[in-house]
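# Here you go, sequence then predicted model.
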Protein chains: 2
Amino acid sequence: MRTDAFAVLAEPTRRRILEELRRSDGSVNELVTVIAINQPAMSKHLKVLREAGFVSCRTVAQRRVYRIEPLPFRELDAWLEPYRRLWSIHLDALQRHLDNEEG
Amino acid sequence: MRTDAFAVLAEPTRRRILEELRRSDGSVNELVTVIAINQPAMSKHLKVLREAGFVSCRTVAQRRVYRIEPLPFRELDAWLEPYRRLWSIHLDALQRHLDNEEG
DNA sequence: CGCGCATATGCTGCGAGAGGCATACTTCGG
DNA sequence: CCGAAGTATGCCTCTCGCAGCATATGCGCG
């Protein structure tokens, strides 16, 4: 990940933006009307998201239409992978426990 | 999630601690020797992790042995879920694209 | 019960990041 | 080419979280 993805996602407003872009692409103003925030702040958050690879943008007339990008999410998923074993192990332990109860 | 899990994970040192606890449980001093950080800082990070549910601790004599907990990771996994559709959609699009190339 | 090890907490200073405002830049329509 | 819409950037302020140090607390041992 280019910059720290977790730090990027630590901002609630940015998660909100991603949640919105998950539905459909949107211009800065469209996002501003949906999310309670002024335009410069929106542009800044979008910049952070863009530099971290979470979104890309294309120019349509005067507008910049932003779009969500899957890559950083995949990387997050990959980061999570070794921890996934944790809860399967826990489930295994639970299963063994239950098996012993039965016997 | 009790407090903002992303904010908790935004700290590299804390991710390092989790990575270490993933292998095996450990006392504060054991973690201090492995990770380059002083003891008070370690205790503070562990407190943050504990309050966010990422770790739990049990008391063994004078030591507190910390252990990783799966729940917040599961919640993170759940958060990631709707975004997982993103890259499967992208893969589908790629697949269709390749199919068209063939025809 | 007092000492020492292991850990937690309080305090201070500092830097990073977010909001708010003004303003610069870009691109289209006339 | 000029004005306006849409967006980005710069500056300031304020807050928050971290590091570092000193110190308080918990706990076992002799």
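Ah, there it is. What you see is a predicted model; the values in this text were computed from it and never measured. Residues are numbered from 1 along each chain as shown, chains lettered A, B, ... in the order given.

# buried sites along stretch A:7-21?
A:7-11, A:14, A:16-18, A:20-21 (16 or more other C-beta atoms under 10 Å in any protein chain shown). From N, CA and C alone the C-beta is placed, and that goes for glycine too.

# now, which of those sits nearest DNA strand C?
A:Glu11 (4.1 Å; C-beta to the nearest atom of the strand).

# In contact with the closest one, which residues are there?
Shown in contact with A:Glu11 (C-beta atoms under 8 Å, 6 or more residues apart in numbering or on different chains): A:45, A:48.

# Next, it: phi, psi?
Phi and psi for A:Glu11, reported as degrees, to the nearest 10, are phi -80, psi 120.

# got it, and A:Thr59?
Dihedral angles of A:Thr59 (phi, psi; degrees, to the nearest 10) stand at phi -100, psi 120.

# so what's the spatially closest residue to it that is not a sequence neighbour bridging to?
Spatial nearest neighbour of A:Thr59, chain neighbours left out: A:Val65 (7.8 Å); criterion: C-beta to C-beta, 6 or more residues apart in numbering or on different chains. Following DSSP bridges, A:Val65 is listed with bridge partners A:Ser27, A:Arg58.

# so A:Val65 makes contact with A:Asp25?
Yes. Using C-beta atoms under 8 Å as the test, A:Val65 is close enough to A:Asp25 to be in contact (5.2 Å).

# what ranges do the strands span in chain A?
Per DSSP state E, chain A carries strands over the ranges A:26-27, A:55-60, A:63-68.
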